[in-house]
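A.B. asks: Quick one, fold the following:
(one chain, ligands or ions: 1)
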Amino acid sequence: MQKPLRIGQILYTNVLPVYFYFDQERFEDRIDFIRQVPATLNLAMSRGEIDLGPISSFSYAEHASQYVALSDLSVSAKGRVGSLFLFSKKPIEQLNGTKIALTNTSATTVNLLKIILRKFYDYEISYVTQEPVLDRMLLDAEAALLIGDDAILAMRKKGDLHVYDLGELWHRFTGYSMTFAIWAVRKQVLAEHSALLEEVHASFLTSKEMTRKNPGPLIDYVSTHYGGDKEEWTRYFQGLQHDFGDEQRIGLEYYYRCAAELGLLPAPATVDIWQAGGRQTNTTLTR
Ligand SMILES: C=C(O[C@@H]1C=C(C(=O)O)C=C[C@H]1O)C(=O)O
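C.D. replies: Here you go, the predicted model:
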């Protein structure tokens, strides 16, 4: 019997629309889910311990020759995201020359912050990477970056800290949307599992469409498990995009170029979309 397909799931609410109605039972023991924060999934994917799933878009670029991406799936936003915050003791205009603490759960957003503060503010910052605990991060740093549910929960007790949404900053300076996660598949897995992969991909897309049409049950679930009011959660999910079309690709590939320009990536990457049936399209844009 074939080994089960190992599928990652980001341990944050932001991916739930793609998993909420995923019909796991239909796959019985043909799939396994591994639930972790993005940085852990990134590493597991690069080591071949996971076969497919959402990873940081930055990590996709670092391993672009080994991965392809599933079409129409991402965690993206044009403007405000609502779960990627820089919490700062001072206004952002006064952060040049300071120390900023970065969550150890992220790859895309920590580099997005570096790009924004270097390229658009022309700042020199000293960065430290820490566990995502806001109070502890701010003991010795002027500002702290959190992502995912850590950011959502910290926002509720931010006191008089200044708060900046990274998606909003990116959009303000570039006019682009930003893609934080994409569903990567290790190329090695394609030949072995292509039929199963098509089924899994279709189930993700079905879940996404079902939550789009009827978000009520998901909103009830998250407000029960994570607190917060339902309007807040409704606004959060409305602001997130889980598609990956031209708009998302253009913004992401611009981010890759900025990252390469600053030496954060060895070269600007492009995203290869795997098409059901085994075809692959390289989505490189002419520049
Ligand atoms: C929108 C978000 O996108 C995330 C940010 C990631 C990163 O910074 O590496 C990775 C996956 C996504 O979960 C979020 O976490 O709030």
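A.B. asks: Was I right to think residue 178 contacts residue 113?
C.D. replies: No: under the criterion of Cβ atoms under 8 Å, residue 178 makes no contact with residue 113, lying 11.7 Å away. Just so you know, the C-beta spots here come from the backbone N, C-alpha and C atoms, and that holds for glycine as well.
A.B. asks: Tell me the residues that contact both of these two, please.
C.D. replies: By Cβ atoms under 8 Å, 6 or more residues apart in numbering, residue 178 and residue 113 have these common neighbours: residue 166.
A.B. asks: higher neighbour count, the two?
C.D. replies: residue 178 (28 against 23; other Cβ atoms under 10 Å).
A.B. asks: Please name the nearest non-neighbouring residue to that one.
C.D. replies: Computed as Cβ to Cβ, 6 or more residues apart in numbering, the closest residue to residue 178 that is not its neighbour in sequence is residue 170, at 4.8 Å.
A.B. asks: what's the helix or strand for residue 59?
C.D. replies: Following DSSP states H and E, one finds residue 59 within helix 57-62.
A.B. asks: Export the next helix or strand after that helix to PDB, keeping only CA atoms.
C.D. replies: Reading on from helix 57-62 to the C-terminus, the next helix or strand found by DSSP H and E is strand 67-77. Extracted C-alpha coordinates of strand 67-77, given in PDB (Å, rounded to 0.1, in the frame of the first residue of the first chain):
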ATOM      1  CA  TYR A  67       8.600  23.000  -5.600                       C
ATOM      2  CA  VAL A  68       5.600  23.700  -7.700                       C
ATOM      3  CA  ALA A  69       2.500  25.500  -6.400                       C
ATOM      4  CA  LEU A  70      -1.200  24.400  -6.400                       C
ATOM      5  CA  SER A  71      -3.300  26.800  -8.400                       C
ATOM      6  CA  ASP A  72      -5.900  29.100  -6.900                       C
ATOM      7  CA  LEU A  73      -4.600  28.800  -3.400                       C
ATOM      8  CA  SER A  74      -2.800  31.300  -1.200                       C
ATOM      9  CA  VAL A  75      -3.000  33.500   1.900                       C
ATOM     10  CA  SER A  76      -3.000  37.000   0.400                       C
ATOM     11  CA  ALA A  77      -4.400  40.400   0.900                       C
END
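A.B. asks: Quick one: list the elements packing against strand 67-77.
C.D. replies: strand 52-56, helix 57-62, strand 178-186, helix 187-213, helix 246-261, strand 272-274 (3 or more Cβ pairs under 8 Å, 6 or more residues apart in numbering; DSSP states H and E).
A.B. asks: For residue 25, give its distance to residue 240.
C.D. replies: 26 Å (Cβ to Cβ, to the nearest Å).
A.B. asks: If you count surrounding residues, which of the two has more?
C.D. replies: residue 240 (20 against 6).
A.B. asks: right, and the more buried one touches residue 14 too?
C.D. replies: Yes: counting by Cβ under 8 Å, residue 240 touches residue 14, with 6.1 Å between them.
A.B. asks: Make CSV out of the helices and strands packed on strand 67-77 and add distance to residue 146 and mean pLDDT.
C.D. replies: Shown next, in CSV, are the helices and strands packed on strand 67-77 (distance: least, Cβ to Cβ, whole Å; pLDDT from 0 to 100):
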stretch, distance to residue 146, mean pLDDT
strand 52-56, 15, 98
helix 57-62, 17, 98
strand 178-186, 13, 98
helix 187-213, 25, 94
helix 246-261, 20, 98
strand 272-274, 31, 95
